[in-house]
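Asks: Using only what follows, build the 3D model:
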Amino acid sequence: MVAFLGLDIGTSAVKAVLVDAAQCVVAGASRPLAAMQPHPGRSEQAPEDWWRAVNDAVAEIARAAPEAWRAVKAIGLSGQMHGLVALDAKDAVIRPAILWNDARAVAEAAALAAIPDVARLAGVRPMAGLTAPKALWLRAHEPENFARLACILLPKDYVRLCLTGERMTDVSDAAGTLWLDQAKRDWSPAMIAASGLRLDQMPALVESPTPCGRMRPEIARAWNLPEPPVLVGGGGDAPLGALGIGAVEDGDAFISLGTSAQYFVTRDRYVAGGAEVLIHNFAQALPGRWAQVAALLNGASCLAWFAGVFGGEIDALLHEAEARYAGPSRVLFLPYLAGERTPHNDPNARGLFAGLAHDTGRIDLFQAVLEGIGHALVDAQDCLRAAGADPARLAVIGGGARSRFWVGILASMLNKPLILYDGAERGPAFGAARLARMGFTGERAAEVCTRPTICEVVEPRADLAERYAMRRPAFRALYRETTAVSSRRPEPG
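Replies: Residues are numbered from 1 along each chain as shown. Coordinates of the predicted model:
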């Protein structure tokens with residue numbers, strides 16, 4: 001027996017899946033995570049919390065499937081992208097990690113944007129949420145911490161450090177830092193220097209399926225494994241979501257509805273362009289593959305926010321909204337609770353309801369939230385189309401894929417068929433397990449990254465597509481006309 005472990009270090013949870021030789025999920029576990037907001041517009045997590053959550057999750061898996069657990073041969077890592085984990089010379093964490101949805105580095109992103117041809121080199125226009133501006137912010141506002149800096153890691157790679165003692169990352173996760181030369185799939189000395197850093201402060205760089213170290217023997221003993229498994233390079237969460245559903249050929253596309261949202265199109269070449277419409281052109285987690293991605297800071301997290309403020313369980317709210325659904329809501333919702341990247345590059349944008357009346361109820365507002373995310377995804381689709389990516393149909397993965405009702409709304413809003421796969425909610429952790437298998441066996445992606453069984457193809461309704469298209473100008477005008485009153489500026493310093 002052989003088995004492979006996939007670990008996903010997300011924003012709201014650590015997820016682990018144990019996959020056998022037939023690519024069946026033998027066991028899975030999840031442990032929640034909490035982010036800190038020390039000031040408006042800031043988002044941080046303690047890296048030590050990721051490691052504790054990983055240990056708790058794998059302990060549950062080991063209890064649930066002890067025989068398969070002891071057959072683990074390789075581990076793949078996935079995780080939230082763009083975070084900054086600052087380490088000193090002894091690999092101690094200097095300060096809490098600054099996350100992907102942190103908006104403090106606006107001025108620093110603007111400074112990097114002045115570098116000639118930066119978007120072609122780094123794959124996207126510099127934005128506050130990416131890693132490089134955070135390093136400049138650290139230098140300007142926490143010089144003592146910056147002076148101690150020996151290495152910067154991405155979130156999943158802190159877990160790798162705990163597992164193996166190695167400072168290492170992969171090209172797909174490095175792609176989101178602004179420090180990667182996307183075409184060459186290697187660090188860019190120019191971009192690293194522009195961030196006030198040296199090349200020796202970067203982790204070693206490998207392709208995602210590459211075996212690159214083994215678990216430390218003491219960790220293997222603590223995890224009750226007979227021999228230390230090998231680790232592979234791993235990848236960012238969106239790239240590994242693609243591997244999980246077999247979206248590995250040119251033009252394969254999907255929407256990921258997790259805490260954030262992505263509209264992801266796989267490419268077989270580097271497409272240098274789309275900076276004017278804020279498309280991310282990044283190295284993918286397979287050699288010879290890249291991706292064009294519209295990145296939205298707000299996904300299913302808006303539903304969790306609504307449930308927390310207005311009360312109720314998300315599933316119950318979805319059922320009630322479906323029972324009352326009669327077409328597009330009269331209420332509009334801007335879903336920019338965490339700012340927004342595509343298409344606005346506005347970390348200070350905020351959410352807003354419009355069109356309220358005396359008869360507006362809680363479910364009217366909830367439906368508006370579902371549709372607000374849909375309008376944002378249409379904006380993303382239009383940006384991708386302008387950058388030369390226009391898939392005929394696409395899959396939906398992540399927690400949001402569990403709601404057939406919401407997927408139906410999105411199909412009509414996007415006016416494209418949406419594919420629901422068996423196990424689509426497994427996401428990046430399953431993709432990480434697939435990478436682990438490839439690294440251990442040497443199999444090709446075409447042999448491992450096959451597509452799951454299709455549960456349903458949700459077709460758009462022509463009548464709803466037309467009605468939603470009529471609402472779109474009002475949604476876009478709402479952002480333009482209310483920015484001054486709805487934006488929130490982060491505290492300086």
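Asks: what stretches of the stretch 151-300 of the chain score poorly on pLDDT?
Replies: 274 (pLDDT under 70).
Asks: can you list the residues that contact the helix or strand encompassing Leu303?
Replies: Remark: Leu303 resides in helix 301-310, with elements defined by DSSP states H and E. For helix 301-310, contacts defined as Cβ atoms under 8 Å, 6 or more residues apart in numbering pick out 12, 259-260, 313-314, 317, 335, 337-338, 351, 362, 365-366, 369-370, 372-373, 400. In this view, the C-beta of every residue, glycine as well, is placed from N, C-alpha and C.
Asks: what about 7 Å?
Replies: Here helix 301-310 makes contact (Cβ atoms under 7 Å, 6 or more residues apart in numbering) with Thr259, Glu313, Ile314, Leu317, Pro335, Leu337, Arg362, Leu365, Phe366, Val369, Ile373.
Asks: And for stretch 207-220?
Replies: By Cβ under 7 Å, 6+ apart, the residues outside stretch 207-220 that reach it are 163-166, 168, 170-172, 206, 227-235, 285-287, 435, 438-439.
Asks: And the most far-flung residue of the chain relative to its centre, its phi and psi?
Replies: Ranking residues of the chain by C-alpha distance from their mean position (Cα atoms, centre = their mean) puts His358 at the top, at 38.4 Å. Torsion angles at His358 (phi, psi; degrees, to the nearest 10) stand at phi -60, psi -30.
Asks: list the contacts for Ala316?
Replies: No contacts exist for Ala316 under Cβ under 7 Å, 6+ apart.
Asks: err, Val159, not the other one
Replies: By Cβ under 7 Å, 6+ apart, the contact set of Val159 is Leu7, Ile9, Trp50, Trp51, Val54, Leu77.
Asks: Could you double-check that the fifth one lies in contact with Lys15?
Replies: No. Proximity of Val54 to Lys15 does not meet the contact threshold set by Cβ atoms under 7 Å, at 10.0 Å.
Asks: hang on, the earlier thing: make a ChimeraX selection of whichever of the contacts of stretch 207-220 turn out to be buried.
Replies: To isolate the buried ones among the contacts of stretch 207-220 in ChimeraX, judged by 16 or more other Cβ atoms under 10 Å, type:
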select :163,164,166,168,170,171,172,206,228,229,230,231,232,233,234,235,285,286,435,438,439
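Asks: Check the average confidence over stretch 118-127, would you?
Replies: Throughout stretch 118-127, pLDDT has a mean value of 95.
Asks: mind checking which helix or strand Asn145 is in?
Replies: helix 143-148.
Asks: what sits up against the helix or strand hosting Tyr263?
Replies: Taking DSSP H and E as the definition, Tyr263 sits inside strand 261-267. The contact list for strand 261-267 (Cβ under 7 Å, 6+ apart) reads 238, 242, 247-256, 284, 289-296, 298-299, 373, 377, 380-381, 384, 389, 391.
Asks: Could you list which of those residues belong to strands?
Replies: Judged by DSSP state E, the contacts of strand 261-267 include Ala253, Phe254, Ile255, Ser256, Trp290, Ala291, Gln292, Val293, Ala294, Ala295, Leu296 as members of strands.
Asks: Number of residues surrounding Arg139?
Replies: By other Cβ atoms under 10 Å, 17 other residues sit near Arg139.
Asks: show me the contacts for it.
Replies: Residues near Arg139 by Cβ under 7 Å, 6+ apart: Phe146, Gly196.
Asks: ok so it is a helix residue?
Replies: Yes. With DSSP: H, G, I helix; E, B strand; the rest coil as the criterion, Arg139 is part of a helix.
Asks: Against Gly176, how distant is it?
Replies: Arg139 sits 20 Å away from Gly176, going by Cβ to Cβ, to the nearest Å.
Asks: which outside residues touch stretch 359-366?
Replies: With contact meaning Cβ under 7 Å, 6+ apart, stretch 359-366 is reached by Phe306, Phe310, Leu317, Glu320, Ala321, Arg324, Ser329, Val331, Phe353.
Asks: quick one: strands adjacent to the helix or strand Lys15 falls within?
Replies: Element membership for Lys15, per DSSP H and E: strand 13-20. When sheet partners are counted by DSSP bridges, strand 13-20 sits next to strand 3-9 (antiparallel), strand 25-32 (antiparallel).
Asks: which one of the ones you listed is the most hemmed in?
Replies: Mean neighbour count (mean count of other Cβ atoms under 10 Å) peaks for strand 3-9 among these, with a mean of 30.
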